[in-house]
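*Asks:* Show me the folded form of this:
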Amino acid sequence: MDLRRALLASPTAPAQAAERDLRDAYPWVPLDEAEQVVALGGDGFMLQTLHTMIEARSSVPVFGMNLGTIGFLMNDWHLAGLDERLARAKPFRVSPLEATIETVNGDRRVLAAINEVSMLRETRQTAKLEVTVNDRVVLPELVCDGILVATPAGSTAYNLSAHGPILPLGSNLLALTPISPFRPRRWRGAILPEKARIGLRVLEADKRPVSAVADQREIRDVARVDIAIDRMRALTLLFDPEHALDERITMEQFIA
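*Replies:* Residues are numbered from 1 along each chain as shown. You can find the predicted model right below:
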């Protein structure tokens, strides 16, 4: 018996056109009744869909089809054969990061991130950050444009652009990557076990304001961010066997 499926699409013209074609070709149910989700758009829309799953505390698997630009987290778009593709799809479980963010005014927010949590300077002044791992100070003062913590699923995104390492899916590792570091001069980041708890405290926050970004959501004027994997809210992505996410991540290491 086919599973009940919900269809979500980004507001772009290609995704909206594909949604109309799919709604005519296959049966669909509302999101809260679905056992699978099909998402149409690019990587940004996939992240938005996964955050919807997190907020709903849903573990419904998501199968994305690319109607955006890169589509690293998506499968190829095809109208025909969707039933067969979903029956053959390979599942990958990813655990999001949980970022506990405290602002200089004392406000506190907890945000999830599938790709990365980053801290970025807000002005021309460089940021000064204290970095702790498991409550131990490992860098008393990092002078930089920012820093990010990336999951394996997000290691080929902003992390790779900042010269961070590519982490194989299932490696149980996190990448801690500085953005344009100035001091210490020779520090280029670290690879940490997934269970590590990372603390990032802003030094001279009034003079050198810093924002925190969890995937696409930004909090400005932060004082401290504590980051850890949230194993209780694992998500499942579905991929065509020939376009599996672990293979894509591995092959990114050989692209010149």
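
*Asks:* From here on, just use CA atoms for contacts and neighbour counts.
*Replies:* Fine.

*Asks:* ok, and for the host helix or strand of residue 47, which residues are buried?
*Replies:* Secondary structure assignment for residue 47, by DSSP states H and E: helix 43-55. If you call a residue buried by 16 or more other Cα atoms under 10 Å, then helix 43-55 has these buried ones: 43, 44, 45, 46, 47, 48, 49, 50, 51, 53, 54.

*Asks:* Check stretch 15-22 too.
*Replies:* Quick answer for stretch 15-22 (16+ other Cα under 10 Å): 15, 16, 18, 19, 22.

*Asks:* Can you tell me which of those residues end up in helices?
*Replies:* Judged by DSSP state H, helices contain the following of the buried residues of stretch 15-22: 15, 16, 18, 19, 22.

*Asks:* quick one: low-confidence ranges for the stretch 101-250 of the chain?
*Replies:* Of all residues in the stretch 101-250 of the chain, none has pLDDT under 70.

*Asks:* who touches the spatially closest residue to residue 33 that is not a sequence neighbour in this structure?
*Replies:* The spatial neighbour of residue 33 that comes closest, neighbours along the chain excluded (Cα to Cα, 6 or more residues apart in numbering), is residue 4 at 7.3 Å. With contacts defined as Cα atoms under 8 Å, 6 or more residues apart in numbering, residue 4 is in contact with 28, 29, 33, 34, 35, 36.

*Asks:* Counting neighbours, what do you get for the third one?
*Replies:* By other Cα atoms under 10 Å, 11 other residues sit near residue 33.

*Asks:* Report the contact partners of the most centrally placed residue in the chain.
*Replies:* With distances taken as Cα atoms, centre = their mean, the residue of the chain nearest its centroid is residue 115 (1.8 Å). When contacts are counted by Cα under 8 Å, 6+ apart, residue 115 touches 96, 150, 151, 152, 153, 154, 155, 157, 215.

*Asks:* partners of the closest residue to the last one other than its chain neighbours in the sheet?
*Replies:* The shortest distance from residue 215 to any residue that is not its chain neighbour, by Cα to Cα, 6+ apart, is 5.3 Å, and that residue is residue 113. Taking DSSP bridges as the rule, residue 113 bridges to residue 97.

*Asks:* who's in contact with residue 113?
*Replies:* Residues near residue 113 by Cα under 8 Å, 6+ apart: 96, 97, 98, 99, 214, 215.

*Asks:* now the first one: how far from residue 50?
*Replies:* Read it as residue 96. Residue 96 is 10 Å from residue 50, where distance means Cα to Cα, to the nearest Å.

*Asks:* which residues do those two both contact?
*Replies:* Common neighbours of residue 96 and residue 50 (Cα under 8 Å, 6+ apart) are 114, 235.

*Asks:* Residue 59 and residue 237 touch, don't they?
*Replies:* No - the criterion here is Cα atoms under 8 Å, and residue 59 misses it with residue 237 at 9.8 Å.

*Asks:* Looking at these two, which is more packed in?
*Replies:* Each of residue 59 and residue 237 has its neighbours counted (other Cα under 10 Å); residue 237 has more, 24 against 17.
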